[in-house]
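Engineer: Sharing a model that was predicted from the sequence below.
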Amino acid sequence: MTGVLEVQVVPIPLARLSPLLPPERVERVEEYAAAARQLLADRTVWNVSSTARGGGVAEMLHTLVAYAAGTGVEVRWLVLTADAEFFDITKRIHNRLHGVAGDGGALDAAARATYDATLARHAGDIDGLVRPGDVVLLHDPQTAGLARHLRDRGVHVLWRCHVGLDERNEWTEQAWGFLRELVEPAQACVFSRAEFAPDWVDRQWLRIIPPSLDPFSPKNVDLPDEEVEALVHRAGLVLEGAALPLDAPIALQVSRWDRLKDMAGVLEAFAEHLDGLPPDVHLVLAGPEPRGVADDPEADEVLADCRDRWRHQPVRARRRSHLVTVPADDLDENARIVNALQRRATVVVQKSLAEGFGLTVTEPMWKGRAVVASAVGGIRDQVEHGVSGLLLDDPRDGAQLASALSVLLTDADRREAMGRAAHLRVRDRYLPDRHLIEYVDLFARLIDGDLA
Ligand code: UDP
């Protein structure tokens with residue numbers, strides 16, 4: 001099956017953010033909104049991504065498109081649907097951009113032919129919607145192949161890459177080798193971190209724009225304690241392990257079932273270092289029901305591996321660790337459950353082996369939770385070690401994770417101070433007003449610089 005679907009997003013007025021922002025920030029974003037209305041008066045801004053649910057890109061687009069539409073600009077969001085063969089190839093690219101082989105398959109001429117054929121069909125559908133002079137944001141490798149076609153039609157094209165690795169290795173080189181020709185026709189590229197951009201991206205048209213979260217979305221809105229409790233203890237949530245404890249401290253990791261999130265590594269580290277942790281702490285690993293995420297072909301396998309490891313652990317570790325799958329068919333419900341889990345957590349872990357930018361780090365920080373996260377990729381910008389959380393130098397070192405957890409679980413004052421600092425850091429850096437301003441600024445350059 002191939003085709004293009006439109007995601008309907010209900011606009012959110014910018015004024016909703018106002019109570020959270022200092023007056024000068026409210027004024028500034030309103031100025032930019034006015035400039036955007038003028039600049040984009042007879043244009044549509046299109047976002048094209050590969051999924052409407054599951055993962056950070058979808059999460060962020062729901063927010064950003066809603067606030068952007070709330071300014072009165074015409075903003076729309078299209079999702080590419082494709083068959084498994086296409087998503088196997090794009091997952092391979094995704095893994096290699098993060099420096100690992102993934103499924104080990106080739107990124108050769110045959111892979112390129114499959115990729116091109118899928119996007120050629122999508123280009124036909126998109127032609128019926130997008131007009132010359134419009135602005136199109138192509139998100140991630142899945143959509144990069146549309147850039148040439150859209151540019152040839154007089155569309156402003158921006159490629160937004162959400163993934164990346166600070167270093168280069170043979171796998172990143174392979175992935176960039178595949179992508180270069182596809183990405184180069186785009187007028188501008190946006191990354192979450194400067195280190196992620198390959199050398200050949202024109203520095204004049206490179207922007208670093210990290211994601212943001214919506215404090216009022218079902219994922220982040222404040223929840224009363226009773227609702228947190230009801231959601232966390234909802235029947236059917238726990239896949240492996242006993243029901244979640246009512247009062248005991250909880251260390252939580254929320255992630256897609258992706259090897260690079262290293263859920264298995266968290267599980268093993270917890271069991272191996274159980275004696276070094278407070279005696280009543282429980283571990284919760286939560287991810288979506290695997291069938292809920294269409295563009296994530298490895299999810300079933302990664303979840304099966306975690307279940308298998310859990311079953312082989314000693315009873316004493318199994319009593320204290322829980323694998324949770326969050327229903328993914330209802331987006332709002334999924335978000336509220338994740339929200340409740342993050343609020344119920346004492347400490348939130350993100351032991352990723354690579355990470356472009358982790359919304360699963362920003363979300364608990366907004367909720368005032370102390371985080372323990374790997375010092376990789378975008379997470380290094382998100383958390384200041386020792387102030388707004390603890391960073392792990394070596395993401396593969398389970399002992400380091402356990403000792404950081406132990407520090408935070410046993411020192412409530414330190415934990416709470418970090419939680420407060422974490423909340424402020426998100427308020428200062430990762431809310432949608434900053435994000436929108438950076439895009440308006442870029443659009444202005446793109447449009448004035450090119451059509452003149
Ligand atoms: N998420 C979710 N349900 C789950 C697991 C994850 O809603 O069961 C969300 C999570 O809250 C976050 C996003 O998916 O908003 C993951 O984004 P992140 O940037 O951390 O990583 P990505 O998945 O994009 O690699």
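Structural biologist: That came through fine.
Engineer: Over stretch 169-187, what's the mean pLDDT, rounded is fine.
Structural biologist: Per-residue pLDDT values over stretch 169-187 give a mean of 98.
Engineer: Quick check: buried residues in it?
Structural biologist: Along stretch 169-187, the positions that meet the burial threshold by neighbour count (16 or more other Cβ atoms under 10 Å) are 171-172, 174-176, 178-179, 182-187. Every C-beta, even on glycine, is put in place using the N, C-alpha and C of the backbone.
Engineer: swap in stretch 85-102?
Structural biologist: 86-100, 102.
Engineer: still on that earlier bit, helices - which of the buried residues of stretch 169-187 land there?
Structural biologist: Those of these mapping onto helices are 171, 172, 174, 175, 176, 178, 179, 182, 183, per DSSP state H.
Engineer: For the buried residues of stretch 169-187, work out which two are farthest apart.
Structural biologist: Taking Cβ to Cβ as the measure, those span a maximum distance of 27.7 Å, between 171 and 187.
Engineer: Spell out which residues of the stretch 351-452 of the chain are next to the ligand.
Structural biologist: Proximity of the stretch 351-452 of the chain to the ligand is assessed by Cβ under 6 Å from any ligand atom, with 357, 358, 359, 360, 363 identified as the residues in range.
Engineer: Check the chain too.
Structural biologist: Counting by Cβ under 6 Å from any ligand atom, the chain sits next to the ligand at 55-57, 59, 219, 254-256, 286-288, 326, 334-335, 338, 357-360, 363.
Engineer: where along the stretch 101-250 of the chain do the strands fall?
Structural biologist: With DSSP state E, counting those that start in this stretch applied, the stretch 101-250 of the chain shows strands at 135-139, 156-160, 188-191, 206-208, 238-240, 250-254, listed in chain order.
Engineer: I'd like these laid out as CSV, including mean neighbour count and distance to residue 423.
Structural biologist: Below are those laid out as CSV (neighbours: other Cβ atoms under 10 Å; distance: least, Cβ to Cβ, whole Å):
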stretch, mean neighbour count, distance to residue 423
strand 135-139, 25, 28
strand 156-160, 25, 27
strand 188-191, 22, 26
strand 206-208, 15, 23
strand 238-240, 18, 29
strand 250-254, 25, 17
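Engineer: Residue 319 is nearest to which of these?
Structural biologist: With Cβ to Cβ, the closest approach to residue 319 among those belongs to strand 238-240: 11.6 Å.
Engineer: Tell me which strands that closest one pairs with, and in which orientation.
Structural biologist: For strand 238-240, sheet partners with direction are given as strand 321-326 (antiparallel), following DSSP bridges.
Engineer: now the angle from the partner strand to strand 250-254?
Structural biologist: Here strand 321-326 points in a direction 40 degrees away from that of strand 250-254 (axes from the mean of the first three to the mean of the last three Cα atoms, to 10 degrees).
Engineer: Now strand 321-326: buried residues?
Structural biologist: Judged by neighbour count (16+ other Cβ under 10 Å), strand 321-326 contains these buried residues: 321, 322, 323, 324, 325, 326.
Engineer: So which residues make contact with it?
Structural biologist: 237-242, 244, 267, 270-271, 282-290, 303, 306-307, 310, 313, 334, 337-338, 341 (Cβ atoms under 8 Å, 6 or more residues apart in numbering).
Engineer: since we're on residue 38, how many residues are nearby?
Structural biologist: In terms of burial, residue 38 registers 9 neighbours under the definition other Cβ atoms under 10 Å.
Engineer: distance of it from residue 120?
Structural biologist: 36 Å (Cβ to Cβ, to the nearest Å).
Engineer: same deal with residue 274?
Structural biologist: 54 Å.
Engineer: can you check residue 302 too?
Structural biologist: From residue 302 over to residue 120 (counting by Cβ to Cβ), the distance is 31 Å.
Engineer: So between those two, which is more surrounded?
Structural biologist: Legend: neighbour count by other Cβ under 10 Å for residue 302 and residue 120, higher for residue 302 (22 against 13).
Engineer: Just the pLDDT for the closest residue in space to the more buried one that isn't next to it in sequence.
Structural biologist: Counting by Cβ to Cβ, 6 or more residues apart in numbering, the nearest residue to residue 302 once its immediate chain neighbours are dropped is residue 257, at 4.0 Å. Among the per-residue scores, residue 257 shows a pLDDT of 95.
Engineer: Same check on the one 5 residues further on?
Structural biologist: Per-residue pLDDT puts residue 262 at 98.
Engineer: Provide a list of residues in contact with it.
Structural biologist: Contact criterion Cβ under 8 Å, 6+ apart gives 351, 352, 353, 395, 396 as the residues in contact with residue 262.
Engineer: which two in those residues are spaced the farthest apart?
Structural biologist: Largest separation among those by Cβ to Cβ: 352 and 396, giving 11.0 Å.
Engineer: Quick check on residue 377: phi, psi?
Structural biologist: For residue 377, the backbone dihedrals (degrees, to the nearest 10) come out as phi 50, psi -140.
Engineer: Tell me how far it lies from residue 167.
Structural biologist: From residue 377 over to residue 167 (counting by Cβ to Cβ), the distance is 10 Å.
Engineer: Likewise for residue 206?
Structural biologist: Computed as Cβ to Cβ, the residue 206 to residue 167 distance reads 18 Å.
Engineer: Then residue 253?
Structural biologist: Taking Cβ to Cβ as the measure, residue 253 and residue 167 are separated by 24 Å.
Engineer: Which single residue in this protein comes nearest to the ligand?
Structural biologist: As assessed by Cβ to the nearest ligand atom, the ligand sits closest to residue 56 within the chain, at 2.5 Å.
Engineer: Next, count neighbours for that residue.
Structural biologist: Residue 56: 22 surrounding residues under other Cβ under 10 Å.
Engineer: Residue 115 now?
Structural biologist: Neighbours around residue 115, by other Cβ under 10 Å: 23.
Engineer: Mind telling me what element residue 424 is part of?
Structural biologist: Using DSSP states H and E, residue 424 sits in helix 412-429.
Engineer: Check residue 12 too.
Structural biologist: Assigned by DSSP H and E, residue 12 falls within no helix or strand.
Engineer: Please verify my assumption that it contacts residue 68.
Structural biologist: No: taking contacts as Cβ atoms under 8 Å, residue 12 lies outside contact range of residue 68: 9.2 Å.
Engineer: Looking at those two now, which is surrounded by more residues?
Structural biologist: Set side by side, residue 12 and residue 68 give different neighbour counts by other Cβ under 10 Å, the larger being at residue 68 (28 against 21).
Engineer: got a pLDDT number for that one?
Structural biologist: 98.
Engineer: ranges for the strands of the stretch 301-450 of the chain?
Structural biologist: 321-326, 347-350, 370-374, 390-392.
Engineer: Next, residue 6: phi, psi?
Structural biologist: According to degrees, to the nearest 10, residue 6 has phi -100, psi 140.
Engineer: Counting neighbours, what do you get for it?
Structural biologist: When neighbours are counted by other Cβ under 10 Å, residue 6 comes out with 12.
Engineer: Give the helix, strand or coil label for the spatially closest residue to it that is not a sequence neighbour.
Structural biologist: The shortest distance from residue 6 to any residue other than its chain neighbours is 5.7 Å, reached at residue 78 (Cβ to Cβ, 6+ apart). The three-state label given to residue 78 by DSSP: H, G, I helix; E, B strand; the rest coil is strand.
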